[in-house]
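Asker: Provided below are the primary sequence and the corresponding predicted coordinates.
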Amino acid sequence: MPSADSYVIGLDFGTSSVRALLVEAGTGREVAEAVREYPRWEAGEFCDPDRNQFRQHPLDHLEGLTAAVREVVALVDDPARIVGLAVDATASTPGPVNEQGVALGLLPEFADNPDALFILWKDHTAVAEAEEINALARRWGGPDYTRYSGGVYSPEWFWAKITRIVRQNEAVARAAYSWLEHCDWVTLELTGQPLADLKRSRCAAGHKALWHPDWDGLPAEIFLTQLEPRLAGLRARLYQNTYTADEVAGTLSPVWAKKLGLRPETVVAVGTVDAHAGGVGAGIRPYTMVKVMGTSTCDIVVVPPADLAGRPPVAGICGQVLGSVVPGLVGLEAGQSAFGDLLAWFENLLTWPLTAVLARSAGLSPEQREKLRLDAEENLLELLTEAAQVLGPAPSPVLALDWVNGRRTPDANHQLQGALRNLTMGSGAPEIFRALVESLCYGSRRILERFGAEGIRVEQIVAIGGVAKKSAFIMQTLADVLNHRLVVTASEQAPALGAAMYAAVAAGCYPTVEAAQQAMSSGFSATYEPDPARAAAYAPHYAAYLALGNFIEESTTGQLNNSAAHL
Ligand SMILES: Nc1ncnc2c1ncn2[C@@H]1O[C@H](COP(=O)(O)OP(=O)(O)O)[C@@H](O)[C@H]1O
Ligand SMILES: O=C(CO)[C@@H](O)[C@@H](O)COP(=O)(O)O
């Protein structure tokens, strides 16, 4: 039994970096944190934003994890006190592996092949395959496998991505013995066990891979081969059972124990998805919505299974999965594919001319140009925020639609695009920035309303993630638009803290996730109360946002039908 002064590590693989959080298991005190960016990702390697292709190299992940964990372990007098570790990662971010479980991207023949790498959650190259899965699920004569995934399969998910890759890359299709979600692959690497013995993540399987006990696990072989004959045999090389993140996956392999400076007895928990770990780290309990607000948003709610018994599954969300967050409770997920990313898009739009002009300005040295570019990049969002805050009363005269990366929920549709309306000669960067912020908040309101319409109670909203921490302006706008109090978790690293809680349960420090949450939660650092006058002022603007969304959706569907008719 680990003692009260044991430590655990939460290892959180985000979109652009990995962080290791060293936590005191008895109290949840965050002792040390180390972050490593992914260099190949930062350099834009293997990605093609014009085609919505976003791939990550497994070496980015392994190098980052090694450096980050070693940095926090070096601060502990006696590494034997570190009793457990758990991994969370973005999802669905699947990658192909060989029979030994080695990621194909680590093999010399595939090291530079984007299709052999991890297909990041925001890669939207498989829109057509997702559509096929949706159509087939309704017509094939067996269960509608999208039933517990909100009724719509997304191109962000496992089967759509795998189908796409096996169709377009013969060599990868032949070499891929199996496929692993990112969190499962890291767990396999760290434990060094045979691939067949790996306990796969319930959370990733249920929310992204159509896994459900009603149909004995993954979709039937006959369904998968109807979708794509090249998928034949893959189902049997994947998994049937799945495991919750509080369970033990194994212990560190001797190789990894040595590399990280830890004992081989260190327990490694079953892997999970970042947002769901964030829910646990934020102290989620029934009827709390945890909003993970970063590049994208994930909205996580947990409810007792009895609440969902005898009624149709919740429509339009990213799945309902028993045990995906807290064992024994059903985890519900929704979200927005671009949140901070919409603002990052605007930031890029504004810095492009500056960079282009700087590149041609003869009077500056390369160092001076780079410094000016970095200054702009680092300060632009804050400057826009300051300017947006002193504009006239809300809402903004400009109206924006936040679907630059498609719509994740309600009712996934990644063919949709963003839009701006009511532009005039007076619409400057701050006005447009404010309109973008408002559109993000309206997108959140639409999700909250869908949960309500589906009979899911939300009593408390807790926010975590970079945006929740960095932008009081966005948080206040969100509280006003939702007309709901928001609290922000004190921990700067709630997903990593959640992973540390899972590790503490797996290592035997606590009997349940709830007990770990009770002892290890960080509490809240900020509260945003809605302003009734502003909340009322936003209501008609929100109605205009819904109308603009309907217009864009109808015209996009019309365009797609027209081009299909011309084929
Ligand atoms: N001051 C700011 N105001 C609004 N958004 C911000 C600000 N600073 C950073 N962001 C956004 O935060 C996002 C990153 O969030 P974070 O939670 O740190 O990362 P991740 O989603 O990868 O885990 C980026 O999309 C960025 O545009
Ligand atoms: O979609 C999910 C989880 O289901 C996330 O992994 C994905 O949105 C990425 O999250 P971040 O924006 O990097 O925090």
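Answerer: Yes, it's here. Ligands and ions are numbered 1, 2, ... in the order given.
Asker: Just give me the residue closest to the centre of the chain.
Answerer: Thr90 (4.5 Å; CA atoms, centre = their mean).
Asker: Once you drop chain neighbours, what's closest to that one?
Answerer: Take Thr90 and drop its neighbours on the chain: the residue closest to it by CB to CB, 6 or more residues apart in numbering is Trp121, 4.7 Å away. From N, CA and C alone the C-beta is placed, and that goes for glycine too.
Asker: Also Gly452?
Answerer: Val458 (7.3 Å).
Asker: And Ile133, by the same measure?
Answerer: Nearest non-adjacent residue to Ile133 (CB to CB, 6+ apart): Tyr153, at 4.4 Å.
Asker: which residue ranges form the helices in the stretch 201-350 of the chain?
Answerer: 202-208, 221-227, 254-260, 274-281, 340-360 (DSSP state H, counting those that start in this stretch).
Asker: Tell me which of these is the most buried.
Answerer: Mean neighbour count (mean count of other CB atoms under 10 Å) peaks for helix 274-281 among these, with a mean of 33.
Asker: Show the pLDDT at Leu372.
Answerer: For Leu372, the pLDDT comes out at 89.
Asker: can you confirm it is in a strand?
Answerer: No. Per DSSP: H, G, I helix; E, B strand; the rest coil, Leu372 lies outside any strand segment and is helix.
Asker: residues in contact with the residue lying closest to it once chain neighbours are set aside?
Answerer: Closest residue to Leu372 apart from its sequence neighbours, by CB to CB, 6+ apart: Leu358 at 5.8 Å. With contact set as CB atoms under 8 Å, 6 or more residues apart in numbering, Leu358 has these partners: 364, 369, 372-373.
Asker: With Asn550 instead?
Answerer: Per CB under 8 Å, 6+ apart, neighbours of Asn550: none.
Asker: and it, what helix or strand is that in?
Answerer: Under the criterion of DSSP states H and E, Asn550 resides in helix 532-565.
Asker: I'd say Tyr239 and Ser201 touch.
Answerer: No. Using CB atoms under 8 Å as the test, Tyr239 is too far from Ser201 to be in contact (9.7 Å).
Asker: Same question for the least confident helix or strand in the chain by mean pLDDT: list its buried residues.
Answerer: Using mean pLDDT, DSSP states H and E, the weakest-scoring helix or strand in the chain turns out to be helix 532-565, at a mean of 89. The neighbour-count check on helix 532-565 (16 or more other CB atoms under 10 Å) flags 534-535, 538, 541-542, 545, 548-549, 552-553 as buried.
Asker: about what we covered before: tell me which of the helices of the stretch 201-350 of the chain lies nearest to Pro108.
Answerer: helix 254-260 (19.7 Å; CB to CB).
Asker: Where does the stretch 301-450 of the chain get nearest to ligand 1, residue-wise?
Answerer: Distances between the stretch 301-450 of the chain and ligand 1 by CB to the nearest ligand atom are smallest at Gly340, namely 2.3 Å.
Asker: got it, and the stretch 451-567 of the chain?
Answerer: Gly466 (2.4 Å).
Asker: Can I get stretch 229-238 in CSV? Just the C-alpha atoms.
Answerer: The C-alpha trace of stretch 229-238 is given here as CSV (Å, rounded to 0.1, in the frame of the first residue of the first chain):
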residue,chain,number,x,y,z
PRO,A,229,-12.9,-4.6,-48.0
ARG,A,230,-9.3,-3.7,-47.0
LEU,A,231,-10.5,-3.6,-43.4
ALA,A,232,-10.9,-7.4,-43.4
GLY,A,233,-9.4,-9.1,-40.4
LEU,A,234,-8.6,-5.8,-38.5
ARG,A,235,-11.4,-6.2,-36.0
ALA,A,236,-9.9,-9.4,-34.7
ARG,A,237,-6.5,-7.7,-34.2
LEU,A,238,-8.0,-4.8,-32.3
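Asker: Could you list the low-confidence segments of the stretch 1-150 of the chain?
Answerer: By pLDDT under 70, the low-scoring segments of the stretch 1-150 of the chain are 1-4.
Asker: quick revisit: including distance to ligand 2, could the helices of the stretch 201-350 of the chain go into a markdown table?
Answerer: Below are the helices of the stretch 201-350 of the chain laid out as a markdown table (distance: least, CB to the nearest ligand atom, whole Å):
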| stretch | distance to ligand 2 |
| --- | --- |
| helix 202-208 | 6 |
| helix 221-227 | 22 |
| helix 254-260 | 24 |
| helix 274-281 | 4 |
| helix 340-360 | 7 |
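Asker: Switch these over to JSON lines; also include mean pLDDT.
Answerer: Formatted as JSON lines, those follow (pLDDT from 0 to 100):
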{"stretch": "helix 202-208", "mean pLDDT": "98"}
{"stretch": "helix 221-227", "mean pLDDT": "98"}
{"stretch": "helix 254-260", "mean pLDDT": "98"}
{"stretch": "helix 274-281", "mean pLDDT": "98"}
{"stretch": "helix 340-360", "mean pLDDT": "93"}
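Asker: got TSV for those helices, with distance to Ile432 too?
Answerer: Converted to TSV, the helices of the stretch 201-350 of the chain look like this (distance: least, CB to CB, whole Å):
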stretch	distance to Ile432
helix 202-208	34
helix 221-227	42
helix 254-260	46
helix 274-281	29
helix 340-360	7
